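Enquirer: This is the structure alone, sequence omitted:
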């Protein structure tokens, strides 16, 4: 997907991936289900649940997927409303073991 905005909700099937290139500053909003977001150059992944959103903060490729079940997503321009927040998860190789 180009960094063009789409205010039309898109339904992703389970394990379907939506690729967004050059989307820094775009908002990924989850309307139903949950989304897993991976961005090029970011060692953390982001999980967005229904009612949450995340602003893409990296240049390059972002992959948005519905990891378990179908989900509904909208990609839109960032607005001045409440900031988006979602849970970040460290990539598996980055976990440290307790001493």
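Expert: Received the coordinates, thanks. Just so we're clear, the structure is a prediction, and the values are computed from it rather than from any experiment.
Enquirer: wait, doesn't residue 34 sit right on residue 47?
Expert: Yes. The criterion here is CB atoms under 8 Å, and residue 34 meets it with residue 47 at 6.3 Å. C-beta: built from backbone N, CA, C; applies to glycine.
Enquirer: So in terms of bridging, what pairs with the residue most central in space within the chain?
Expert: Central residue of the chain (CA atoms, centre = their mean): residue 37, 3.5 Å from the mean position. For residue 37, the beta-bridge assignment (DSSP bridges) gives partners residue 46, residue 64.
Enquirer: try residue 12
Expert: With DSSP bridges as the rule, residue 12 is bridged to residue 71.
Enquirer: start the count at 674, not 1, going forward
Expert: Yes, from this point I'll number from 674; that puts the last item at residue 685.
Enquirer: Got the confidence number for it?
Expert: Predicted confidence (pLDDT) for residue 685: 96.
Enquirer: what's the burial count for it?
Expert: The tally of other residues near residue 685 (other CB atoms under 10 Å) stands at 20.
Enquirer: Tell me the spacing between it and residue 748.
Expert: Going from residue 685 to residue 748 by CB to CB, to the nearest Å gives 12 Å.
Enquirer: next one: residue 731
Expert: For residue 731 relative to residue 748 (CB to CB), the value is 15 Å.
Enquirer: In contact with the residue nearest to the centre of the chain, which residues?
Expert: Residues counted as contacts of residue 710 (CB atoms under 8 Å, 6 or more residues apart in numbering) are 701, 718-721, 727, 729, 735-738, 759.
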